[in-house]
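1. Based on what follows, work out the 3D shape:
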Amino acid sequence: MWLALPAGILSSSALGFVWTNYLELPSEELVGQYLSAVRLTCLSSCVLLAAEPFYVVGQAHLRVKFRTAVDTAYLVLQAALQCAVVVARPGEFVLHGACASLLNSSVYLLAHVWYFRREVARR
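-> This next block holds a predicted model:
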C-alpha cells in the first residue's frame, strides 16, 4: 500500500514516455495541447495514488459514509468540470480537460487529508 505512489510515479513516467513518443500523435493543431495533457494526466494519476493510503485506512475503519460522499463528489465534480471546459473552451478541451482532471484529483486528495487530520485531532 505504501509503495503505491512510488510505483505509480515510475509507471506513470514510463507509460507517459511511451504515450508521447511511440503512439500516434493527433493532428498538428492539437499536438501542443496533447503533450501537455499527457503530462498532466500522469501527474493527476500520481495525485490520486497519494490518496490511496487514506482510502485503504478509511475502508479498514469502516468510514463508509465519508468514502461514499467523497467518491460521489469526485464524480460529480469531474463531470461538472469537463462540461464547463467544453462550454468555455471547446477548442482547447484536451489541455483544459487534463487541467480539470488534475484539479479534481487534488480536491480528492485534500478531502482525504482534511478528514483524517480532523479525525486524528479529535482523538
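2. Show me which positions of the helix or strand of the chain with the lowest mean pLDDT end up buried.
-> Using mean pLDDT, DSSP states H and E, helix 52-60 stands out as the lowest-scoring helix or strand of the chain, at a mean of 88. Buried residues in helix 52-60, counting neighbours by 16 or more other Cβ atoms under 10 Å, are found at E52, F54, Y55, G58. (Each C-beta comes from the backbone N, C-alpha and C, glycine too.)
3. go on, stretch 70-90?
-> V70, Y74, Q78, L81, Q82, V85.
4. Can you list which of these are found in helices?
-> Using DSSP state H, the members of the buried residues of stretch 70-90 that fall in helices are V70, Y74, Q78, L81, Q82, V85.
5. For A37, state which of those residues is nearest.
-> A37 has its nearest neighbour among these in V85, at 11.5 Å by Cβ to Cβ.
6. isn't that closest one right next to G97, touching?
-> Yes - contact criterion Cβ atoms under 8 Å: V85 and G97 qualify, at 5.4 Å.
7. Quick one: residues in contact with the least confident helix or strand of the chain.
-> With contact meaning Cβ atoms under 8 Å, 6 or more residues apart in numbering, helix 52-60 is reached by M1, W2, A4, L5, F66, R67, L109, H112, V113, Y115, F116.
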